[in-house]
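**Q** Fold the following for me, if possible:
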Amino acid sequence: MRNRLLIPVLIAVFAASPVLADEIYRWVDSTGQVHYSDVPRDGAEQVELNPAQTFSAPAIPRATSTQTTAEDATGSYTELSIDSPSQEETIWNTGGVITVQVSAEPGLREGHSISIYYDGTELKKGPQSTVVRLSEVFRGEHKITADIKDAAGKVLTRAEPVTFFYRQTANGPAAN
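**A** The predicted structure follows:
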């Protein structure tokens, strides 16, 4: 029984390994044992093996180029928005700390940067600056806006301004 399993395994190994031999020979010894070898001997017959089954993996699609075309460089963003805080949101008792988050569609292109403005003052600019944490936000009405600029500093697109209200109990930061 063991020999019957060994034979197919040997054939598979030899078939899958063409570097082992160009030709395979089979013979049966005096006890009835079947043998395989890459060396011919008296009474051996050459075995015809089918070519090894091969597999070629499909090509992996390459990511699109990060290089911008002249059309892309002009600022063909479909959206630049301020996601947080939302329009006319009232924020209560955060100890004067507020997180501002913006998003762009499509994503920020190479060489472009996002600038975020709080009450008209530029807070943060840089290629990946989509989240800014404000501290010492005082009670009252505030405006946030953002824009995307090219490498030369030219504004390509601007987000609609968001007005929000900050309310703090008496023990928080006081109004100016």
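**Q** partner residues bridging T90?
**A** In this entry, T90 is beta-bridged to F165, by DSSP bridges.
**Q** List the buried residues for stretch 101-116?
**A** By 16 or more other CB atoms under 10 Å, the buried positions in stretch 101-116 come out as 101-104, 108-109, 112-116. (C-beta placed from N, C-alpha, C; glycine too.)
**Q** For those, name the two members farthest from one another.
**A** Q101 and R109 (19.5 Å; CB to CB).
**Q** which stretches of this structure form strands?
**A** Ranges of strands in the chain, per DSSP state E, are 24-28, 34-37, 45-47, 79-84, 90-92, 98-105, 113-118, 121-126, 131-134, 140-149, 155-158, 162-167.
**Q** Any chance of CSV for those, columns distance to F55?
**A** Output for the strands of the chain, formatted as CSV (distance: least, CB to CB, whole Å):
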stretch, distance to F55
strand 24-28, 23
strand 34-37, 25
strand 45-47, 24
strand 79-84, 44
strand 90-92, 59
strand 98-105, 40
strand 113-118, 46
strand 121-126, 46
strand 131-134, 46
strand 140-149, 46
strand 155-158, 47
strand 162-167, 55
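**Q** Out of the ones you listed, which gets the lowest mean score?
**A** Mean pLDDT values for the strands of the chain show the minimum at strand 121-126, a mean of 72.
**Q** Please name the residues that touch T130.
**A** Applying CB atoms under 8 Å, 6 or more residues apart in numbering, we find T130 in contact with 101-104, 108, 114.
**Q** Distance-wise, check it relative to I148.
**A** Applying CB to CB, to the nearest Å, one obtains 11 Å for the distance of T130 from I148.
**Q** anything in contact with each of the two?
**A** Common neighbours of T130 and I148 (CB under 8 Å, 6+ apart) are 104, 108, 114.
**Q** Can you get me a residue count around V131?
**A** Around V131 there are 14 other residues, counting by other CB atoms under 10 Å.
**Q** Quick check: bridge partners of the residue lying closest to it once chain neighbours are set aside?
**A** Leaving aside its chain neighbours, V131 sits nearest to Q101 (5.0 Å; criterion: CB to CB, 6 or more residues apart in numbering). Q101 forms beta bridges with S84, V131, as assigned by DSSP bridges.
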